[in-house]
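Visitor: Need a 3D model of the following:
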Amino acid sequence: MADIKNLKDLQNTEYGLKKIFDEAEDFLPLLGTDYVELYVGNAKQSAHFYKTAFGFQSEAYAGLETGVKDRVSYVLEQDKIRLVLTTPLTNDGVINEHIVEHGDGVKVVALWVEDATKAFEETTKRGAKPYLEPVKEEDENGYVIRSGIYTYGETVHIFVERKNYTGIFLPGYKKWESHYNPASVGLKFIDHMVGNVGWGEMKQWCEFYARVMGFAQIISFTDDDISTDFTALMSKVMSNGNGRIKFPINEPAKGKKKSQIEEYLDFYKGPGVQHIAVATDDIVATVSAMRERGVEFLYVPDEYYDDLLDRVGEIDEDVEVLKRHGILIDRDEEGYLLQIFTKTIVDRPTMFFEVIQRKGAQSFGVGNFKALFEAIEREQANRGTL
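Guide: The predicted model follows:
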């Protein structure tokens, strides 16, 4: 398996992204991200936030009215992105325990597959810990088969086979009728999802994705690549065979002060999903809409833009507009990308979102790491956790 240290090595090696994707063993073909489920303290209010601030639309609902006694779930969608927000209805049980321990956060990263039973068999025989044995769920609209495995921390992957189902979301859900559906902000799909793991655990979990799920490592960043004067981290990016699913895995590295990864681990009480990167075709319009709806983004100093065109070359966008919004730009041999990061969207300094627009680039913004981490450090200093 190729061990590409950084983007420059990736560009200069005989491997290219396509060849590296080809290395991923496709015994587990993944069609895409099916949904992401968050356990939250108040799903009704969280749903209102995601609709208002992020432009998600009402899709489905499960709770007391549908015969579910222990939880309530609101399903939101925007183009190909589907979020499920789940809250317990009792003061005990695993959902409640998860929220007490971690706060609001991602529990399930569900992956769309052709055969959920085969996906379970292939992953568990390679060492994955079972979370959900294959189960057939059906109603008058057909049936869905789901299965699942544990990954880092308490995060799980659920495999969803829905080729024989025509209903709304999953059996047991009903259409969520709502007169309040603010317009989309232009989010299209999940580009990647980043997991934070503990000291010395990155290699273990990258090997897990390679061995258990057939992923290939496409890029690796050391603490020399991702550091400031105060903090550092290391990261490897794992991808499945068709490149539709990409999971960067971060671990802390030694620095003068507490890194963002250490802060996350302290407040989340262990490994978990740090951020969800969502794609757009027009980042300026998307970010403008989100700002107007109250979403807060990390601050980028004006100096970042002083020599921008010298660093990244010609771009289609107006630099002054990008500067006004704090949008970062980076380039690789395939093109360039634009990206911006929200502040944490929950009270614990844990989970946040990235908005990304790719204009050919296949990388992850390595040229922006220093500016990004300095912005995060400013937030950490404000919180007194740096």
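
Visitor: Point out where the stretch 1-150 of the chain drops to low pLDDT.
Guide: Scanning the stretch 1-150 of the chain for pLDDT under 70 picks out the ranges 1-25.

Visitor: can we see that at 80?
Guide: By pLDDT under 80, the low-scoring segments of the stretch 1-150 of the chain are 1-26.

Visitor: those strands in it, which residues are they?
Guide: 30-39, 57-62, 71-78, 81-88, 105-113, 130-139, 142-150 (DSSP state E, counting those that start in this stretch).

Visitor: What is the last one packed up against?
Guide: Judged by 3 or more Cβ pairs under 8 Å, 6 or more residues apart in numbering; DSSP states H and E, the packing partners of strand 142-150 are helix 116-124, strand 130-139, strand 156-161. To be clear about C-beta, it is placed using only N, CA and C from the backbone, and glycine gets the same treatment.

Visitor: And these: which comes nearest Trp205?
Guide: Among these, strand 156-161 comes nearest to Trp205, with 12.4 Å by Cβ to Cβ.

Visitor: So in that sheet, which strands flank the helix or strand that that closest one is followed by, and in what orientation?
Guide: Downstream of strand 156-161, the first helix or strand assigned by DSSP states H and E is strand 174-175. Strand 174-175 has its sheet partners listed here by DSSP bridges as strand 57-62 (antiparallel).

Visitor: Mean neighbour count and distance to Val300 for the strands of the stretch 1-150 of the chain - can I get that in JSON lines?
Guide: Shown next, in JSON lines, are those (neighbours: other Cβ atoms under 10 Å; distance: least, Cβ to Cβ, whole Å):
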{"stretch": "strand 30-39", "mean neighbour count": "21", "distance to Val300": "27"}
{"stretch": "strand 57-62", "mean neighbour count": "20", "distance to Val300": "30"}
{"stretch": "strand 71-78", "mean neighbour count": "22", "distance to Val300": "25"}
{"stretch": "strand 81-88", "mean neighbour count": "22", "distance to Val300": "25"}
{"stretch": "strand 105-113", "mean neighbour count": "22", "distance to Val300": "26"}
{"stretch": "strand 130-139", "mean neighbour count": "14", "distance to Val300": "39"}
{"stretch": "strand 142-150", "mean neighbour count": "21", "distance to Val300": "37"}
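
Visitor: per-residue confidence averaged over the helix or strand Ile276 falls within?
Guide: In the assignment (DSSP H and E), Ile276 maps to strand 272-280. For strand 272-280, mean pLDDT is 96.

Visitor: list the helices and strands it packs on?
Guide: Here strand 272-280 touches strand 105-113, strand 187-196, helix 260-268, strand 352-359, going by 3+ Cβ pairs under 8 Å, 6+ apart.

Visitor: what are the pairing partners of it, and which direction each?
Guide: strand 187-196 (antiparallel), strand 352-359 (parallel).

Visitor: Let me know which of those is the nearest to Glu251.
Guide: Nearest to Glu251, of the strands paired with strand 272-280 and by Cβ to Cβ, is strand 187-196 at 7.5 Å.

Visitor: Buried residues, the closest one. List them.
Guide: Leu187, Lys188, Ile190, Asp191, His192, Met193, Val194, Gly195, Asn196 (16 or more other Cβ atoms under 10 Å).

Visitor: From those, pick the one nearest Glu320.
Guide: For the buried residues of strand 187-196, the nearest to Glu320 is Leu187 (24.5 Å; Cβ to Cβ).

Visitor: Spit out the contact partners of the closest one.
Guide: By Cβ atoms under 8 Å, 6 or more residues apart in numbering, the contact set of Leu187 is Phe54, Gly55, Gln78, Asp79, Ile81, Val278, Ala279, Thr280, Thr286, Val355.
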